[in-house]
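> structure for this input, please:
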Amino acid sequence: MNLETLNHCSAQEATEAFMLCCVSERWCQRMVEARPYADFAALCDAADQHWQGLGDNDYLQAFEGHPMIGDVSTLRAKYANTEALASGEQSSVNQATEQVIETLARDNQRYYERNGFIFIVCATGKSAEQMLALLQARLPNSRATEITNAAEEQRKITRIRLEKLL
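Have a look, this model is predicted:
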C-alpha cells in the first residue's frame, strides 16, 4: 500500500489498514475520517494528534492488540539469535540467557496481575536484557502511570507500523 491508495480507498479498507497499526477503534475511525494526508509527515502528525486525544479505555483496547509475552517458549524463540529479529532492528544483540528469559516471563506476569494489562514497550532495537531492565523499572509504578507509559510506547509502535504499512 502507498499513501495515495490509503487516501483513496474505501473507509472499510482504510480501517483495515489502520487496524494493522493499532487496534483502537476510535483511533482508526479518526484516522480514516482525517484523510486525505498530504504526505507521510502529515499522516504521522495526525496519528499522534488522534492518539493524544484518546481516553484510557481506548488505550487499553489498543494494548489488547498485542500478544502477552509471558510464556518461556515464546520468549526463547524471540531472543534465540539476531537472525530471528525483524529487519535488522537489533544490530548487536547477544543471545538471551535462560535466566533472563525466565525472569522476563515471570515479571511480565507480575506486571499483568498488577495493572490488568500487558507490559507495552517499543521493542525495536532492544535486547532481552534491556527489555527486562525496562520492565523491572516500571513494575513499581502505579496503574495510572503505567497507562501513560504504555500509551507512549504504543504511539512509538504505531509510528513504526505506519512506516511499514506504506
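> what does the helix with the most length in the chain contact?
Counting by DSSP state H, the longest helix found in the chain is helix 143-165. The contact list for helix 143-165, computed with CB atoms under 8 Å, 6 or more residues apart in numbering, reads 1, 6, 17, 20-22, 40, 43-44, 47-48, 51, 54, 56, 59-60, 62-63, 111, 114-117, 119-122, 124, 138, 141. To be clear about C-beta, it is placed using only N, CA and C from the backbone, and glycine gets the same treatment.
> tell me the helix or strand right after the worst-scoring helix or strand of the chain on mean pLDDT.
Within the chain, no helix or strand scores below helix 72-78, which has a mean of 62 by mean pLDDT, DSSP states H and E. Per DSSP states H and E, the first helix or strand lying C-terminal to helix 72-78 is helix 98-115.
> which helices and strands does the following helix or strand past that following helix pack with?
Sequence-wise, the next helix or strand downstream of helix 98-115 (DSSP H and E) is helix 128-138. Contact partners of helix 128-138 among helices and strands, from 3 or more CB pairs under 8 Å, 6 or more residues apart in numbering; DSSP states H and E: helix 98-115.
> would you mark the buried spots in the helix it packs on?
Val100, Ile101, Thr103, Leu104, Ala105, Asp107, Asn108, Gln109, Tyr111, Asn115 (16 or more other CB atoms under 10 Å).
> let's have these in CSV, adding distance to Arg159.
Converted to CSV, these look like this (distance: CB to CB, whole Å):
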residue, distance to Arg159
Val100, 27
Ile101, 28
Thr103, 29
Leu104, 24
Ala105, 28
Asp107, 26
Asn108, 23
Gln109, 28
Tyr111, 23
Asn115, 23
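> just curious, which of those residues is nearest to Arg35?
Asn115 (34.2 Å; CB to CB).
> what residues are up against the closest one?
Applying CB under 8 Å, 6+ apart, we find Asn115 in contact with Arg143, Glu146, Ile147.
> low-confidence ranges in the chain?
Within the chain, the segments meeting pLDDT under 70 span 69-95.
> just give me the closest of the contacts of Asn115 to Ala11.
Set against Ala11, the nearest of the contacts of Asn115 by CB to CB is Ile147 (29.1 Å).
> with that, I have no additional questions.
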